[in-house]
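Engineer: Pasting the sequence and the predicted model now:
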Amino acid sequence: MSHHMEIKDNTLVLKTTSFKTEMVSFLRSDIFTRELSASLLAGALLIVFGFFFAIPGKITAIQLVLAAVAFGALFVFLRIYVFPEPILEAVFDRSRGVIETSLRKATGWKRDRYLMSELSVVRLDHRIVHPQNPDGIKVVEKIALQHGTILSGFGETADIYAVQLDFPGRSVTLFSTMDKTEAEVLVAKLSDFLQFARNCRER
């Protein structure tokens with residue numbers, strides 16, 4: 001999910017998994033996915049369990065089936081509860097004049113509230129991010145090639161477009177992408193929604 005927006009009456013809800021502007025957020029996903037992390041940890045736990053609880057003798061088909069089932073169960077559990085996808089949800093409530101953000105992490109939810117009346121502008125922020133570790137990038141690319149994987153765009157300079165809310169003393173990033181048009185469309189929709197809210201209050 002890149003982002004999903006829903007407008008109902010006086011409420012706009014925006015949900016996204018793409019809201020960071022660091023280079024690693026866009027490039028690491030080509031290598032270290034949450035699925036890969038969950039599968040590696042599940043495999044490691046099975047090896048540990050097997051070491052302590054292994055039954056002497058020849059490995060049977062039943063044991064292999066049980067190991068496969070255990071791996072699947074561990075993978076699902078770890079993917080959902082240990083490596084969950086961070087989700088940012090922003091709720092714009094015109095009736096109450098507030099903007100509420102909720103960020104889901106592995107450690108729980110972080111919630112913030114802002115007043116629409118204090119919002120200065122919804123803007124598009126453009127950042128050019130350069131790779132920080134060229135030597136490390138070369139090593140990763142070499143290892144990937146040895147495994148028959150081509151990391152498209154890995155290690156290249158990236159243009160990142162972030163949708164931001166500006167308040168006095170701080171900015172809040174709601175969405176980030178390498179697609180400029182996608183970010184521009186979102187800025188326009190949010191601005192239209194908020195402008196309508198301002199017009200209603202001024203009548």
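Structural biologist: Perfect, I can see it now. Residues are numbered from 1 along each chain as shown.
Engineer: okay, now the domains of the protein?
Structural biologist: Here the domain assignment for the chain is 3-31+88-202, 35-82, based on automatic domain parsing.
Engineer: Save those domains as CSV, and put in mean neighbour count and mean pLDDT too.
Structural biologist: Every C-beta, even on glycine, is put in place using the N, C-alpha and C of the backbone. Listed next are the domains of the chain as CSV, based on neighbours: other CB atoms under 10 Å; pLDDT from 0 to 100:
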stretch, mean neighbour count, mean pLDDT
domain 3-31+88-202, 14, 81
domain 35-82, 12, 80
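Engineer: how about D93, what does it touch?
Structural biologist: For D93, the contacting residues are N10, T11, I99, E100, by CB atoms under 8 Å, 6 or more residues apart in numbering.
Engineer: Am I right that the third one falls within a strand?
Structural biologist: It stands for I99. Yes - following the definition DSSP: H, G, I helix; E, B strand; the rest coil, I99 is counted among the residues of a strand.
Engineer: I'd say it and S117 touch.
Structural biologist: No - taking contact to mean CB atoms under 8 Å, the distance of 10.4 Å between I99 and S117 leaves them out of contact.
Engineer: now, which of the contacts of D93 sits nearest E85?
Structural biologist: Using CB to CB, the shortest approach to E85 within these belongs to E100, at 20.2 Å.
Engineer: How about that closest one: which residues does it bridge to?
Structural biologist: V91, R113 (DSSP bridges).
Engineer: show me the residues around it that make contact.
Structural biologist: Contacts were defined as CB under 8 Å, 6+ apart; by that measure E100 touches A90, V91, D93, R111, D112, R113, Y114.
Engineer: Distance to D166 added to these, as a markdown table?
Structural biologist: As requested, the contacts of E100 are arranged in a markdown table below (distance: CB to CB, whole Å):
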| residue | distance to D166 |
| --- | --- |
| A90 | 14 |
| V91 | 18 |
| D93 | 19 |
| R111 | 20 |
| D112 | 15 |
| R113 | 16 |
| Y114 | 11 |
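Engineer: Of those residues, which is the nearest to V129?
Structural biologist: For those, the nearest to V129 is A90 (23.4 Å; CB to CB).
Engineer: give the contact list for the closest one.
Structural biologist: Contact criterion CB under 8 Å, 6+ apart gives V13, L14, K15, I99, E100, T101, S102, L174 as the residues in contact with A90.
Engineer: Which strand residues bridge the second one?
Structural biologist: When assigned by DSSP bridges, L14 has beta-bridge partners M5, A90.
Engineer: is it true that it touches H3?
Structural biologist: Yes - shown here, L14 and H3 form a contact pair, counting by CB under 8 Å, at 6.5 Å.
Engineer: Which neighbours do the two have in common?
Structural biologist: The contact sets of L14 and H3 overlap at F175, L186 (CB under 8 Å, 6+ apart).
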